[in-house]
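> my questions are about this predicted structure, shown below with the sequence.
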Amino acid sequence: MISYLDNSATTRVFPEVVELMTKIMLEDYGNPSSVHMKGVDAEKYVTTATKQIATALKVNEKEIFFTSGGTESDNLALIGCANANNRAGKHIITTKIEHPAILNTCKYLESEGYEISYLSVDEYGVISLDELESLIRKDTILVSIMHTNNEVGSVQPISQAGALIKKKNPATLFHVDAVQGFTKAEIFPKKQNIDLLSVSGHKIHGPKGIGFLYINEKVKIKPISYGGGQQKGLRNGTLNVPGIAGIGLSCKMATDTMKADNERLYELKKYFLDKVKDIDKVVINGCPLTEEGEFDVYKTAPHIINISVNGLRSEVMLHALEDKQIYVSAGSACASHSKKESSTLKSMGADAQRMDGALRLSMSSMTTKEELDYVLLTLEETISFYGRFTRK
Amino acid sequence: MFSSFIIKYAEIGVKGKNRYLFEDALVRQIKYALKKCEGEFVVSKTPGRIFLDAQTEFDYDDVISHLKKVCGISGICPMVRLEDEGIDKLKEEVVKYFDETYPDKNVTFKVCARRSRKNYPLDSMEINREVGGALLDAFPELKVDVHEPQIELVVEVREKIFIYSEIIPGIGGMPLGTNGKAMLLLSGGIDSPVAGYMIARRGVKIDAVYFHAPPYTSERAKQKVVDLAKKVSAYAGPIYLHTINFTDIQLYIYEQCPHEELTIIMRRYMMMIAEMIAKETECQALITGESIGQVASQTTHSLAVTNEVCTLPVFRPLIAFDKEDIVTISKQIDAYETSIQPYEDCCTIFVAKHPVTKPNLAYIKRHEENLAEKIDELVKTALETRETIIVTDED
């Protein structure tokens, strides 16, 4: 059996999306900027995709800007807003557990003279609204909080944060990195006071190399690259029509079945956690308990599970599982090339052993219960075999 | 302008009656290297010299970069080859050559004529004088310096006449295939590829063995070793790379032997297995990247203990090198960037906090008796299940 449980790294593309993109590349390959019929035909795909996304988010079509993916969306949101609003202030608030696309962009802004405040998180990877409130100042131009954490699957109180920010300082912009959260929870920017929202295509069964940034029409923002004036001059460059059509369709397909999919994923997650907690050496990261002592999965993302195997390094577990055709990540896939320990787990107060042995299993709507049973069995076998050989 | 090259070699010149073997091997290796370049070439051998003539258009830089990787070449002289049409024509050609090769004429030079065809009407001294005079007439800024000239222009009179002045250094050593074959213990580190390169440079063909320990080492670590073998094969020619799955042996040692001796016992088994493959594939020696004192398993005591399992000679070309110097060579052969990719190799998995640095052979052997029950079977399985691929530097 094959079990791909690395959907937070990337997902398998929906076949319908592949089909649509292939048709565009082979037949309707025009440039939407061209005046002739080929251009007009291509433009229709962009219009459709924009509509699909705007409908899912309940926003205006003109508020959707296509980018090359989550990283670029985050960069454009942060740098673009900072550059356009720095006369009002140079203070930005974010969290300690953001994706490197946010953290490293903030580091850059710091070097440009901005002041960045980093919100801490509790043992479940959730920020404190009190701390947020205490940090918002007159010169706070932007707050950026991720919707769903990519490493442990903690979900932030976005609606409450949005309301709080606007109450404390109506001029402060609110950016949400929803790369992991989009289609895994209901996100409606207008209702939640979100001014900018980053989304990536390949995390929702769409293609790589495409993403979008929702920007509320009232937001002042400047481009970070220059060119032919496409997308109102904010994001220049020839439109990636196959990618755009692809993300549009995958967005529609994923939101159409979202409720049922997520309900099923939550059940799978609860099922998995209940079983995995009894395996020797396993501890669970980032899932709070109810008063009855049950895993309160609904407070977390439906698809991300993070566990640590005490005394076994995550790389070893990962490769041992890989041998059984189970594909998972150590900590965060984006960060796993560097030797840095998971910044999320560290911020949650985890000790070295817990960070050293952390594994992330991330499901998708394609994940089955049979797969999880196979994974549980293999985990147990693998841990009992390799658990004998720990560093002395 | 250049369509011919003189290939210089150093040590081959001093070999006695075997000399032709070395020269033929060098010619073979040059031809092999040129197969990777566009164009057609003729490689010919005359006493003391190998000539390379391009028959078609070719990419000069590409040819030079390939020749610089051929073991046994000490220098490459790009040259102009002329028919003998009298001294006046020769003077004219030399002036033309100089003008095109050296745009800046404010330099010192000397002409160095060699006349191996003794019936040429002028002797060497006369050629020097005639050609030097012609150059001075043509370019008044030029100055003669017979002791330390910036440019030494060689005019060689043979059946034809050669003009050259630049010697591009080659890597030296001896032609590949003139000194048997050796088995390199290749890890993902900096040292072992360098050791392989240095031995190949002395004309030794190389095969390699890599010890893989999944799940402790990853597919990427294995790919890294293949990539490193590729870098070495740019000099050493095609390499048979044997990958041994070492996990079971390693875990067995871990269970049965004192922890501080794990690495040293492990290395003894690696050497043993490498030697078994070496003998099976007709290698006459082993090669390691060991260097005295670099890590606990490379102290003099440790080296003596690991060496004890081998009957073949073990070549350790880096034995007295400092890390810095090894890094310099690693960069020269373009292996460094690959070597420093951060994938764990199997030597570091269970490293003890305080491994033995002065192992006692008698103790080690006694502790190895704990392995008696299963080790032969495990070694046999490891040998039988090894994967072998041929690595070349072509894609």
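Structure's in. What do you need? Numbers count the residues shown, from 1 in each chain, chains lettered A, B, ... in the order given.
> show me the contacts for the closest residue to B:T281 other than its chain neighbours.
Of all residues not flanking B:T281 in the chain, B:D207 sits nearest, at 6.0 Å (CB to CB, 6 or more residues apart in numbering or on different chains). Any C-beta I mention is one placed from the backbone N, CA and C, and that applies to glycine too. B:D207 makes contact with B:181-184, B:239-242, B:277-278, B:281, B:283 under the criterion CB atoms under 8 Å, 6 or more residues apart in numbering or on different chains.
> neighbour count, pLDDT and secondary structure for those - can I get that in CSV?
Putting those into CSV (neighbours: other CB atoms under 10 Å in any protein chain shown; pLDDT from 0 to 100; DSSP: H, G, I helix; E, B strand; the rest coil) gives the following:
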residue, neighbour count, pLDDT, secondary structure
B:K181, 16, 98, strand
B:A182, 24, 98, strand
B:M183, 30, 98, strand
B:L184, 32, 98, strand
B:I239, 24, 97, strand
B:Y240, 19, 98, strand
B:L241, 25, 98, strand
B:H242, 23, 98, strand
B:I277, 20, 98, helix
B:A278, 25, 98, helix
B:T281, 14, 97, coil
B:C283, 24, 98, coil
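> and which of these is nearest A:M363?
B:L241 (38.5 Å; CB to CB).
> which residues touch that closest one?
B:186, B:207-210, B:225-226, B:229, B:388-391.
> show the pLDDT at B:G86.
As predicted, B:G86 sits at a pLDDT of 90.
> picking that back up, so which of the contacts of B:L241 are in helices?
Among these, DSSP state H puts B:225-226, B:229 in helices.
> can you pick the most crowded of those?
B:A229 (29 neighbours; other CB atoms under 10 Å in any protein chain shown).
> for that residue, give me its contacts.
Counting by CB under 8 Å, 6+ apart, B:A229 has contacts B:186, B:193, B:208, B:239, B:241, B:391.
> so how far is B:G196 from the last one?
Using CB to CB, to the nearest Å, B:V391 is found at 11 Å from B:G196.
> out of the contacts of B:D207, who's nearest B:P121?
B:K181 (51.8 Å).
> what's around the closest residue to A:Y298 other than its chain neighbours, how many residues?
Leaving out its chain neighbours, the residue that sits closest to A:Y298 by CB to CB, 6+ apart is A:Y266, at 6.2 Å. The tally of other residues near A:Y266 (other CB under 10 Å) stands at 16.
> what of B:D137?
B:D137: 11 neighbours (other CB under 10 Å).
> ditto for the one 3 residues further on
Using other CB under 10 Å, B:P140 is surrounded by 8 other residues.
> how about it, phi and psi?
Note on B:P140: backbone dihedrals following degrees, to the nearest 10 are phi -60, psi -20.
> report pLDDT for it.
B:P140 is assigned a pLDDT of 93 by the prediction.
> look up how far A:T255 lies from it.
Counting by CB to CB - B:P140 and A:T255 are separated by 84 Å.
> A:T47 now?
From A:T47 to A:T255 the distance is 18 Å (CB to CB).
> ok, these two, which is more surrounded?
Neighbour totals were compared for A:T47 and A:T255, and A:T255 leads with 20 against 13 (other CB under 10 Å).
> ok, that one - contacts?
Contact partners of A:T255, counting by CB under 8 Å, 6+ apart, are A:56, A:183.
> helix, strand or coil for it?
State at A:T255, reduced to three classes by DSSP: H, G, I helix; E, B strand; the rest coil: helix.
> confirm that B:Y32 sits in a strand.
No: B:Y32 is assigned helix when assessed by three-state DSSP, not a strand.
> what's the closest non-adjacent residue to it?
Computed as CB to CB, 6+ apart, the closest residue to B:Y32 that is not its neighbour in sequence is B:G237, at 7.3 Å.
> quick check: domain ranges of the chain?
This is for chain A. A:3-10+A:258-386, A:15-256 (automatic domain parsing).
> oops, chain B please
Following automatic domain parsing, chain B resolves into domains at B:4-169, B:181-391.
> which one of these is the most hemmed in?
The highest mean neighbour count among the domains of chain B, using mean count of other CB atoms under 10 Å in any protein chain shown, belongs to domain B:181-391: a mean of 19.
> quick check: end-to-end length of it?
Using CA to CA, to the nearest Å, one end of domain B:181-391 lies 16 Å from the other.
> quick one: distance of it to the chain centre.
Here domain B:181-391 is found 20 Å from its chain centre; the criterion is CA atoms, centre = their mean, to the nearest Å.
> all strands of chain A, in order?
For chain A, the strands defined by DSSP state E cover A:3-4, A:64-67, A:91-95, A:115-119, A:140-146, A:173-177, A:196-200, A:211-215, A:282-285, A:304-309, A:326-327, A:329-330, A:358-362.
> again but with the stretch 1-150 of chain B, I slipped
B:4-8, B:41-46, B:49-54, B:75-82, B:108-115, B:143-144 (DSSP state E, counting those that start in this stretch).
> read off the pLDDT value for the residue in the stretch 251-395 of chain B that chain A sits nearest to.
Relative to chain A, the nearest point of the stretch 251-395 of chain B is B:H259 (4.8 Å; CB to the nearest CB). Note on B:H259: pLDDT of 90.
> one more: B:S291?
On the pLDDT scale, B:S291 gets 95.
> same thing with A:R391?
If you check A:R391, the pLDDT there is 66.
> what do you get for B:F98?
pLDDT, B:F98: 93.
> surely it touches B:L135?
Yes: B:F98 is within contact range of B:L135, at 5.9 Å (criterion: CB atoms under 8 Å).
> quickly list what's touching both of those two.
In contact with both B:F98 and B:L135: B:L153, using CB under 8 Å, 6+ apart.
> about what we covered before: let me have the strands of the stretch 1-150 of chain B in TSV, extended by mean pLDDT and distance to B:L122.
Output for those, formatted as TSV (pLDDT from 0 to 100; distance: least, CB to CB, whole Å):
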stretch	mean pLDDT	distance to B:L122
strand B:4-8	91	22
strand B:41-46	91	22
strand B:49-54	90	22
strand B:75-82	91	15
strand B:108-115	94	8
strand B:143-144	94	18
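> output the below-cut-off pLDDT ranges for chain A.
A:331-342, A:391-392 (pLDDT under 70).
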